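J.: Prediction below, plus the sequence it came from.
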Number of protein chains: 2
Amino acid sequence: MSDGDAAEEIMCATYRALCSYGYADLTMQDIADEFSKSKATLHYHYDSKHELLCAFLDYLYERLVERTAAVEGEDAHERLLGLVEAVLVGRDDREEFETAILEIRAQAPYDRGFRDRLARFDSHLITEFAAIIDAGVEAGTFDKEVNPEDTAQFIVTVLTGASTQRVTAGRPVECSQRMLDNYVATNLLAEPAELSG
Amino acid sequence: MSDGDAAEEIMCATYRALCSYGYADLTMQDIADEFSKSKATLHYHYDSKHELLCAFLDYLYERLVERTAAVEGEDAHERLLGLVEAVLVGRDDREEFETAILEIRAQAPYDRGFRDRLARFDSHLITEFAAIIDAGVEAGTFDKEVNPEDTAQFIVTVLTGASTQRVTAGRPVECSQRMLDNYVATNLLAEPAELSG
């Protein structure tokens, strides 16, 4: 088993352990229990739970970058809705996992390692949304009055709120997604904006 | 000191202790240290940290109801912006406090007492926003096509996202507030909607 394989397997074990136990009560032993090798092997790669979780956040970041890069669409409008979908909708065990991530988020103000890594997630999403909106304005799909950066931040705020509410209140994200789709259609598309001009 | 005075003083001590220590590391002793009476007095009123924090969430809920009831405005548009302001903008120590609340939120999936209480906050805000929007539609301030319930949920999602991002990424809420004001002006007001009709 190469170092890369071991690292990948540890990340998968961490994912499963977070889904099962959440963040607060998680121990290295819980992760080792999900891992085919010994706890000693885990400690050979990572000195502490904190170091392992920071590496896990880096791993998630790479997955996010891959997932956002895979978003396709005929025009900026389709790509924007595809990116919303890619962020909001995921695997079946998404809820347990998002719960653990929210716990890590809630520790971010006390933990620079977590904070800096989580900030990268938001920055990446804002950059991706802004790039799509910018391209849409250039192509005439979106209204030229739309500010790509502000709008991208607003969309990421809605996505953050939808995720927090799904985790903490069990509210389905479908309503947020539908409202966001309406928002894009009404506020971004060039056509309705021209009608009111 | 009456029971009511003691309860109020314990709530204020809990507020200060949460701002100083956060939720995860908070002990009954930390709260007692902020309280003018003994730890025994604290335990006379509350058996455990969990019971005290549930009572604290009930206390916060009553404050939220008071704060939302105090929102004024000449019409539904002003009242809606006033309610957004009342939820987003608060005291100077707001950030430390919101951090502690996000920690409690992140525990909600594991804790029914927290979950049910936090759900009441969201429900109350959605009901208040929906009532203002409904009145605005009736009065002709807002477009008659606006769905009060969906729109209220969407606004609360944006507010939840703005709070989560302020806590976890230190992002100021001003951008969210400005975008939300624009959203209301563009999507809710009857006048621009009539222009495009």
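T.: Everything's here; your move. Keep in mind that what you see is a predicted model, and the values were worked out from it rather than measured.
J.: State the mean pLDDT of the helix ranked longest in chain A.
T.: Within chain A, and with DSSP state H defining each element, the longest helix by residue count is helix A:112-139. What helix A:112-139 shows for mean pLDDT is 95.
J.: what packs against it?
T.: Judged by 3 or more Cβ pairs under 8 Å, 6 or more residues apart in numbering or on different chains; DSSP states H and E, helix A:112-139 is in contact with helix A:49-69, helix A:76-88, helix A:94-107, helix A:148-169, helix B:148-169. Just so you know, the C-beta spots here come from the backbone N, C-alpha and C atoms, and that holds for glycine as well.
J.: Recalculate using a threshold of 10 Å.
T.: helix A:49-69, helix A:76-88, helix A:94-107, helix A:148-169, helix A:190-196, helix B:148-169 (3 or more Cβ pairs under 10 Å, 6 or more residues apart in numbering or on different chains; DSSP states H and E).
J.: got the CA positions of the third one in PDB?
T.: Only the C-alpha atoms of helix A:94-107 are listed here, as PDB (Å, rounded to 0.1, in the frame of the first residue of the first chain):
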ATOM      1  CA  ARG A  94     -24.900  14.100   3.400                       C
ATOM      2  CA  GLU A  95     -26.900  15.200   6.500                       C
ATOM      3  CA  GLU A  96     -24.700  13.300   9.000                       C
ATOM      4  CA  PHE A  97     -21.600  14.700   7.300                       C
ATOM      5  CA  GLU A  98     -22.900  18.200   7.100                       C
ATOM      6  CA  THR A  99     -23.600  18.000  10.800                       C
ATOM      7  CA  ALA A 100     -20.000  17.100  11.600                       C
ATOM      8  CA  ILE A 101     -18.800  19.900   9.300                       C
ATOM      9  CA  LEU A 102     -21.000  22.500  11.000                       C
ATOM     10  CA  GLU A 103     -19.400  21.400  14.300                       C
ATOM     11  CA  ILE A 104     -16.000  22.000  12.800                       C
ATOM     12  CA  ARG A 105     -17.300  25.400  11.500                       C
ATOM     13  CA  ALA A 106     -18.500  26.300  15.000                       C
ATOM     14  CA  GLN A 107     -15.000  25.600  16.300                       C
END
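J.: quick revisit: chain center to the longest helix of chain A: distance?
T.: 11 Å (Cα atoms, centre = their mean, to the nearest Å).
J.: Identify each buried residue in that helix, please.
T.: By 16 or more other Cβ atoms under 10 Å in any protein chain shown, the buried positions in helix A:112-139 come out as A:114-115, A:117-122, A:125-126, A:128-130, A:132-137.
J.: Next, count neighbours for A:V71.
T.: 18 (other Cβ atoms under 10 Å in any protein chain shown).
J.: helix/strand/coil for it?
T.: Counting by DSSP: H, G, I helix; E, B strand; the rest coil, the backbone at A:V71 sits in coil.
J.: Check what pLDDT it gets.
T.: 95.
J.: Which residues are in contact with it?
T.: Residues near A:V71 by Cβ atoms under 10 Å, 6 or more residues apart in numbering or on different chains: A:78-87, A:128, A:132.
J.: of all the residues you listed, which comes closest to A:M28?
T.: A:V87 (30.3 Å; Cβ to Cβ).
J.: Next, the buried residues of the helix or strand where A:G4 lies.
T.: Using DSSP states H and E, A:G4 sits within helix A:3-21. Neighbour-count burial for helix A:3-21 flags A:6, A:9-11, A:13-19, A:21 (criterion: 16+ other Cβ under 10 Å).
J.: can you check stretch A:162-170 too?
T.: A:162-169.
J.: Tell me the residue of chain A that sits nearest chain B?
T.: Residue of chain A nearest chain B, by Cβ to the nearest Cβ: A:G161 (2.9 Å).
J.: Contact partners for the closest residue to that residue other than its chain neighbours?
T.: Among residues not flanking A:G161 along the chain, B:G161 sits closest, at 2.9 Å (Cβ to Cβ, 6 or more residues apart in numbering or on different chains). B:G161 makes contact with A:154-165, A:176, B:173, B:176, according to Cβ under 10 Å, 6+ apart.
J.: can you count the residues close to A:L42?
T.: Neighbour number of A:L42 under other Cβ under 10 Å is 19.
J.: I meant to write A:A69 there.
T.: A:A69, neighbours per other Cβ under 10 Å, totals 10.
J.: what's the distance between it and A:E62?
T.: 11 Å (Cβ to Cβ, to the nearest Å).
J.: And for A:S123?
T.: Taking Cβ to Cβ, one finds A:S123 at 15 Å from A:E62.
J.: want to throw the helices and strands packed on helix A:112-139 into JSON lines with distance to B:I31?
T.: Output for these, formatted as JSON lines (distance: least, Cβ to Cβ, whole Å):
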{"stretch": "helix A:49-69", "distance to B:I31": "27"}
{"stretch": "helix A:76-88", "distance to B:I31": "38"}
{"stretch": "helix A:94-107", "distance to B:I31": "20"}
{"stretch": "helix A:148-169", "distance to B:I31": "24"}
{"stretch": "helix A:190-196", "distance to B:I31": "54"}
{"stretch": "helix B:148-169", "distance to B:I31": "21"}
